[in-house]
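In: just a sequence and a predicted model for now, questions to come.
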Amino acid sequence: SAIYRAGVFGHRPTVPVEPAALEAAARKAMSPRAWSYVNGSAGQQRTDRANTEAFYDHRIVPRMLVDVEERDLSVDLFGTTLPAPVLLAPIGVLEMAHREAEHAVARAARALGLAMIHSTQASVPMEQVAAALGPNPHWYQLYWSRDDELAASLVARAEECGAQALVVTLDTHLLGWRTRDLDLAHLPFAQGQGIAQYTSDSRFAAMTRERANTPRTERDPRPTPAAVRSVLSQVRRYPGDVRTNLRSGLPRAAVETFLDTFSRSTLTWKDLEWLRSRTSLPIVLKGLQHPDDARLAIEHGVDGIVVSNHGGRQIDGAIASLDALPPIVDVVDGRVPVLFDSGIRSGADVFKALALGADSVLVGRPWVYGLALAGADGAQAVLEHILAELDLTMGLAGVRSISEITRDTLSPVE
Ligand code: FNR
């Protein structure tokens, strides 16, 4: 209510409160290339649209005359009590949004006590982020990699950093058909240390040395003078956007390294045993949409599931993530936590996902927009707006705690 009162009494919010206005402001602040990477999704953007539109199909039915003066947003996940059922989704290459990247995000997460999920594609090595987070809860997101030993090295580092769970993202073993990125591929990406996360890894360094000893192909062409001029002009136009590294700042570097290192389409359910043998952390599979996959996940002993379609960035015309949630919740039947992401833009959206059975949600793009607009303060403001609206929605709906947000709080969907 502090945020609401401040707003009512003439205080200008750090970033726009209305989701559409937040998006519009972020679009203006970011370079076309960075905007297309962050906001864009696969193909004709139909899955991304479906993700947000699916929330219109569910309506909250409020109850009156319930004493909701005291409201508790906390949840327990993997032995830790979190202040709210909202986690920061793993987002890679954040330096495109703001030069402080994960340093800023860690400050925002810590200010609110929200759990941050650190991406394999992060711009800042996880040790630095963990130090900035201090006692704040954090999880590590793993892209498995073509090289098991690289995966093992990343997992060992995450354990060492105090990560409380391992989120294994399964839906990105190939990169989706990102039409907007493809159309802008000629523009400079102007990324800095976009992938410091694994380039800082000793196993990755060894792989790079091995590769250096093999004959050079088209990899790493030198930037042409025109490319350098183009990068510089982008940096002048969008000063908040990135710390440009002209040597490694070629458009293709981050994507190419991702494809070379992490595309691994041979993975199957059997491989989970190997991962299980390498870590004692809870293993959470991210990217499930089919109830049969949820059943298989449980059979293979995983500790949690994130129902997600990667914000619609992988398959165009796929099922809306929210529509995939209830069947998975039914199959899982309370045996492991079910988390949800893809399409959450507001506190009311969080409420609906919880009502459909999610134990917690991950928020992706909205706080990245805040980060792009105002660094740590911007990311924090966006998350505060979502939490404030969730809290108000609970109160207005007649709900005191997260466990009271059940399917009965929604009108039946035909
Ligand atoms: C992502 N996402 C993602 N997921 C992941 O497991 N590892 C990663 O490195 C990334 N990187 C990434 C970058 C960008 C720019 C976006 C927008 C998304 C997916 C992310 O974790 C999450 O699933 C979606 O963002 C959720 O959808 P919304 O909330 O953005 O609609």
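Out: That came in fine, so what should we check first?

In: residues from the stretch 51-200 of the chain in reach of the ligand?
Out: N51, A89, P90, I91, G92, S119, Q121, Q141, T169 (Cβ under 6 Å from any ligand atom). C-betas here are computed from N, CA, C, even on glycine.

In: from the residues you listed, which land in strands?
Out: Q141, T169 (DSSP state E).

In: once you drop chain neighbours, what's closest to the residue in the chain positioned nearest to the ligand?
Out: The ligand sits closest to G364 of the chain, with a gap of 2.3 Å, by Cβ to the nearest ligand atom. Closest residue to G364 in three dimensions, ignoring its sequence neighbours and counting by Cβ to Cβ, 6 or more residues apart in numbering: A89, at 4.0 Å.

In: try G113
Out: Nearest to G113 is P83, by Cβ to Cβ, 6+ apart, at 4.5 Å.

In: got the contact list for the one you found?
Out: Applying Cβ atoms under 8 Å, 6 or more residues apart in numbering, one finds that P83 lies in contact with L73, S74, L112, G113, L114.

In: per-residue confidence for E299?
Out: According to the prediction, E299 has pLDDT 98.

In: is it fair to say V284 lies in a strand?
Out: Yes. Counting by DSSP: H, G, I helix; E, B strand; the rest coil, V284 is located in a strand.

In: leaving out chain neighbours, which residue sits closest to it?
Out: Here the residue nearest V284, using Cβ to Cβ, 6+ apart, is G304, at 3.8 Å.

In: returning to what we had before: by neighbours, which of the contacts of P83 wins?
Out: Across these, neighbour numbers were computed from other Cβ atoms under 10 Å; L114 holds the maximum, 24 neighbours.

In: phi, psi of that one?
Out: Main-chain dihedrals, L114, degrees, to the nearest 10: phi -80, psi 150.

In: check contacts around it.
Out: Contacts of L114 by Cβ under 8 Å, 6+ apart are L82, P83, A84, V86, L87, L88, N136, L383.

In: do the same with L166
Out: L166 neighbours (Cβ under 8 Å, 6+ apart): W139, Y140, L142, V155, A158, L275, T279, L281, P282, I283, V284.

In: just send these back as TSV, with pLDDT and neighbour count too.
Out: Shown next, in TSV, are the contacts of L166 (pLDDT from 0 to 100; neighbours: other Cβ atoms under 10 Å):
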residue	pLDDT	neighbour count
W139	98	26
Y140	98	30
L142	97	26
V155	96	21
A158	97	26
L275	97	20
T279	97	19
L281	98	20
P282	98	19
I283	98	22
V284	98	26
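
In: tell me how far the residue nearest to G364 lies from P137.
Out: 15 Å (Cβ to Cβ, to the nearest Å).

In: again with E127
Out: Taking Cβ to Cβ, one finds E127 at 17 Å from P137.

In: what mean pLDDT does stretch 95-103 get?
Out: 91.

In: show me where pLDDT drops low in this structure?
Out: Scanning the chain for pLDDT under 70 picks out 1-10, 188-200, 214-256, 412-414.

In: and the most centrally placed residue in it, what is it in contact with?
Out: The residue lying closest to the centre of the chain (Cα atoms, centre = their mean) is A89, at 2.7 Å. Listed by Cβ under 8 Å, 6+ apart, the contact set of A89 reads I117, D341, L362, V363, G364.

In: what do you get for I386?
Out: I386 neighbours (Cβ under 8 Å, 6+ apart): V86, I344, S346, G347, V350, V363, P366.

In: out of the residues you listed, which are buried?
Out: V86, I344, S346, G347, V350, V363, P366 (16 or more other Cβ atoms under 10 Å).

In: so which of these are in helices?
Out: G347, V350, P366 (DSSP state H).

In: quick one: which of these is nearest T47?
Out: Distance to T47, by Cβ to Cβ, is smallest for P366 among those, at 17.5 Å.

In: report the contact partners of the residue of the chain most remote from its centre.
Out: Within the chain, L65 marks the point farthest from the mean C-alpha position, 37.6 Å out by Cα atoms, centre = their mean. Applying Cβ under 8 Å, 6+ apart, we find L65 in contact with G398.

In: quick one, strands of this structure?
Out: Counting by DSSP E, the strands of the chain are 75-77, 80-82, 86-88, 116-118, 138-142, 166-169, 283-288, 304-307, 338-340, 360-363.

In: which residues sit against the last one?
Out: Put plainly, it is strand 360-363. Under Cβ under 8 Å, 6+ apart, the answer for strand 360-363 is 75, 77, 82, 85-89, 117, 306, 308, 337, 339-341, 344, 350, 353-354, 383, 386.

In: swap the cut-off to 6 Å and go again
Out: The contact list for strand 360-363 (Cβ atoms under 6 Å, 6 or more residues apart in numbering) reads V75, P85, V86, L87, A89, L339, F340, D341, I344, V350, A353.

In: repeat that for the longest one.
Out: Applying Cβ under 6 Å, 6+ apart, the set of residues contacting strand 283-288 from outside is 165-171, 294, 297, 302-308.

In: then that strand to CSV, C-alphas only?
Out: Backbone C-alpha positions of strand 283-288 (Å, rounded to 0.1, in the frame of the first residue of the first chain) are rendered in CSV as follows:
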residue,chain,number,x,y,z
ILE,A,283,16.7,-30.6,-9.9
VAL,A,284,14.0,-28.5,-11.5
LEU,A,285,13.1,-29.1,-15.1
LYS,A,286,12.1,-25.9,-17.0
GLY,A,287,10.2,-25.9,-20.3
LEU,A,288,7.6,-28.6,-19.8
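
In: pairing partners for that strand, with directions?
Out: strand 166-169 (parallel), strand 304-307 (parallel) (DSSP bridges).
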